[in-house]
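Trainee: Generate coordinates for the sequence data below:
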Amino acid sequence: MPPNSPSPLERNLLLRSLPPVERSRLLPHAEVVTLVRGDVLFEPGDEVTAMIFPLDGTVVSLIVPLEEGRTIETATVGREGALGGVVSQGYLPAFNRAVVQMGGAAVRLDAARMQAAKRTSLPIRNALVRYADCLLAQVVQSVACNAAHPIEQRCARWVLALHDRLATDVLPVTQDMLAEMLGVRRTYLSGILNRLQAQGLIEMGRARITVRDRPALQAASCECHRRVQEHFALVLGATFTPAGTLVALDPDGAPDPLATHGVISA
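Mentor: Residues are numbered from 1 along each chain as shown. Coordinates of the predicted model:
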C-alpha cells in the first residue's frame with residue numbers, strides 16, 4: 001500500500017464508521033479481492049464462510065432465482081454495507097444468490113472471525129446489527145414494491161438505488177442487466193426507459209444510463225426508495241449529499257432505542 005494511502009477498510013462506509021482502534025483489529029485479517037461483473041459469490045444452499053464488504057464502485061445484488069427461470073433482485077449492496085453472514089452467525093446455508101453487478105475491489109473477512117469480533121466489540125456489534133436491520137428493511141420494502149407498484153416506478157427506484165451507491169451520474173448498467181433485476185423482458189423495459197429519456201430524467205447510452213434529473217426521477221419513483229433511505233438515516237446515521245449519494249454512516253450517532261424508551265442498563 002503506498003504511503004499515506006487510505007486503508008482499504010476506510011473505502012467501505014460501514015467499516016469506516018468504526019472507531020480506528022476497531023478497524024485496526026480487523027485490518028490484519030482483511031483480504032482485498034477483485035470482484036468481476038457476473039461473479040456469483042454464493043448460491044442458495046452454499047455455506048457462507050466469509051463476509052464481503054464492497055469498496056467504492058463495487059455493487060452486488062441479492063437475487064432470488066425462481067424455478068421458472070426468472071430472477072428477482074431483493075437488495076442492492078454497495079460500499080455502504082456487507083453481505084454473507086450479516087444476519088446469521090456465518091457458516092450457514094445461503095438463502096439467495098449474490099451476483100456482482102458492478103465489478104471492483106472488496107474486502108473479505110472470515111465469517112467466524114467477524115462473529116468473534118462482534119462478541120468482543122460493542123462498536124462492531126452495534127454497526128453490524130444496525131446494518132442487518134437496514135438490509136432487512138431493504139428486502140422487505142423490495143417485496144412490497146414488487147407486489148404493489150408498476151414497473152415504471154420500480155425501474156426508477158432501481159436506478160435511484162444504484163445512483164445512491166456510485167459517486168457519478170453515469171451508471172454502468174445495461175438494459176439486459178436491468179431487465180433481469182426487475183424480472184421483465186428487455187423489450188418491455190426498453191419502452192419504459194425510452195419514456196424516461198423522453199421526459200429528460202435519464203439518458204441512455206451504450207452499456208450505461210446517465211441520470212439527468214434526479215428530483216424528477218424521485219418523483220417518478222414510488223415511496224419505496226425514500227422509505228429505505230429514511231431508515232438508513234434513522235438506524236445507521238446515514239448522510240446523503242444533495243445529489244443523493246450516500247457518503248457516510250454513523251451508527252454510534254444514531255438514536256439509542258434503549259435511551260429513547262427510558263431503559264437503563266446495568
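Trainee: which residues touch the helix or strand where Leu234 lies?
Mentor: Using DSSP states H and E, Leu234 sits within helix 224-236. Applying C-beta atoms under 8 Å, 6 or more residues apart in numbering, the contact partners of helix 224-236 are 17, 80, 127, 130-131, 133-134, 137-138, 141-142, 144-145, 149, 156-157, 160-161, 164, 218, 238-240, 246, 249-251, 254-255. Yep, even glycine has a C-beta here, placed from its N, CA and C like the rest.
Trainee: What about these, which are in helices?
Mentor: Counting by DSSP state H, the members of those that fall within helices are 127, 130-131, 133-134, 137-138, 141-142, 144-145, 156-157, 160-161, 164, 218.
Trainee: Which pLDDT value belongs to the most centrally placed residue in the chain?
Mentor: Residue closest to the mean C-alpha point of the chain, counted by C-alpha atoms, centre = their mean, is Val77 at 2.0 Å. On the pLDDT scale, Val77 is placed at 97.
Trainee: wait, it sits on Leu62?
Mentor: Yes: between Val77 and Leu62 there is a contact at 6.8 Å, judged by C-beta atoms under 8 Å.
Trainee: Spell out which residues are contacts of both of the two.
Mentor: Counting by C-beta under 8 Å, 6+ apart, the residues touching both Val77 and Leu62 are Leu83.
Trainee: Does anything pack onto the helix or strand where Ala75 lies? Which helices or strands?
Mentor: For Ala75, the element it lies in under DSSP H and E is strand 71-77. Applying 3 or more C-beta pairs under 8 Å, 6 or more residues apart in numbering; DSSP states H and E, we find strand 71-77 packed against strand 59-65, helix 122-148, helix 151-165, helix 175-182.
Trainee: Could you name the stretch from those that's closest to Leu196?
Mentor: Proximity to Leu196, assessed across the helices and strands packed on strand 71-77 by C-beta to C-beta, is greatest for helix 151-165 (7.1 Å).
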